[in-house]
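Participant: what shape does this take:
(chains A and B)
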Amino acid sequence: AQSVTQLDSHVSVSEGTPVLLRCNYSSSYSPSLFWYVQHPNKGLQLLLKYTSAATLVKGINGFEAEFKKSETSFHLTKPSAHMSDAAEYFCVVSDRGTGNQFYFGTGTSLTVIP
Amino acid sequence: KAGVTQTPRYLIKTRGQQVTLSCSPISGHRSVSWYQQTPGQGLQFLFEYFSETQRNKGNFPGRFSGRQFSNSRSEMNVSTLELGDSALYLCASSLGAASGAAGTQYFGPGTRLTVL
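Facilitator: Just a heads-up that it's a prediction; the model follows:
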């Protein structure tokens, strides 16, 4: 079975400090993993994806994530938070056992303090 | 390329009515998935269509249905609306594959449905 656990429902950081959003997954097959961001009253925007190539994935807006199979983790990081990063972030898992179906985490709300 | 478009963006209905939401995928994408997003339940998968056929279905009652047309545009219908159907309905498109392999999904802005 596939599932995603986002370990923090809320994260607050000061502007200019690092961001860490944590995600653990379970998957019966080699997974595809994604991070999406959702700003208020907007749809979801793809930040980055892992599909069995390099384990360190770089995305848009300075975000990156590292796939660690031994820890079944796919944490999202950014070296320096910007006010515009304040949003809801979703970790997603999919694998060939699920076809094209995405399994979403419950989301992490990121607050950036000026 | 134009992104995924959804119409209408906002809808207000009353209990017992039915509603149809529309989604136009990115040109060339053959798979369309629908999700319901609520504060309490988060993002839940409704169904996926590929080449006019429903390929995956989530755990929703039969009041929720969908279809896909030959141009890959999709509609979802909710009949006999309940208060709990108030949500943001998101559509996502992907290239899709006949084998059902996972692909990156690109989301539309959503339709905000309010049931009174």
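
Participant: how about the residues of chain A by chain B?
Facilitator: Within chain A, the positions lying close to chain B (CB under 8 Å from any CB of the partner chain) are A:32, A:34, A:36, A:41-46, A:49, A:90, A:94-96, A:98-104, A:106-107. The C-beta positions use only the backbone N, C-alpha and C, and glycine is treated the same way.

Participant: list buried members of these by neighbour count.
Facilitator: The neighbour count (16 or more other CB atoms under 10 Å in any protein chain shown) marks A:32, A:34, A:36, A:43-46, A:49, A:90, A:94-96, A:98-104, A:107 as buried among the residues of chain A next to chain B.

Participant: just want the most central residue of the chain.
Facilitator: I'll assume chain A. A:Trp35 (3.5 Å; CA atoms, centre = their mean).

Participant: looking at chain B here, not the other one
Facilitator: The residue lying closest to the centre of chain B (CA atoms, centre = their mean) is B:Trp34, at 2.9 Å.

Participant: that one falls within a strand, correct?
Facilitator: Yes. Counting by DSSP: H, G, I helix; E, B strand; the rest coil, B:Trp34 is part of a strand.

Participant: can you tell me the strand partners of the lowest-mean-pLDDT helix or strand in chain B and which way each runs?
Facilitator: Lowest by mean pLDDT, DSSP states H and E among the helices and strands of chain B is strand B:53-57, with a mean of 89. Sheet pairing here is set by DSSP bridges, and for strand B:53-57 it gives strand B:42-50 (antiparallel).

Participant: residues of the strand it pairs with that come out buried?
Facilitator: Those would be B:Leu43, B:Phe45, B:Leu46, B:Phe47, B:Glu48, B:Tyr49, B:Phe50, for strand B:42-50 by 16+ other CB under 10 Å.

Participant: before we move on, what about stretch B:60-67?
Facilitator: Those would be B:Phe60, B:Phe64, B:Ser65, B:Gly66, for stretch B:60-67 by 16+ other CB under 10 Å.

Participant: between those residues, which is nearest chain A?
Facilitator: Using CB to the nearest CB, the shortest approach to chain A within the buried residues of stretch B:60-67 belongs to B:Phe60, at 13.3 Å.

Participant: contacting residues around the closest one?
Facilitator: Contact analysis of B:Phe60 by CB atoms under 8 Å, 6 or more residues apart in numbering or on different chains lists B:Gln36, B:Gln44, B:Leu46, B:Phe47.

Participant: assess the claim that A:Gly107 and A:Gln6 are in contact.
Facilitator: Yes. The pair A:Gly107 / A:Gln6 is scored as a contact, 6.3 Å apart, by CB atoms under 8 Å.

Participant: mind listing what's buried in stretch B:9-28?
Facilitator: B:Leu11, B:Lys13, B:Val19, B:Leu21, B:Cys23, B:Ser24, B:Pro25, B:Ile26.

Participant: just grab the bridge partners of A:Cys104 for me.
Facilitator: No Cys there; residue A:104 is Phe. With beta bridges defined as DSSP bridges, A:Phe104 has these partners: A:Val92.

Participant: that one and A:Glu88, how far apart?
Facilitator: Counting by CB to CB, to the nearest Å, the separation of A:Phe104 from A:Glu88 is 11 Å.

Participant: and for B:Lys13?
Facilitator: Separation of B:Lys13 from A:Glu88 (CB to CB): 26 Å.
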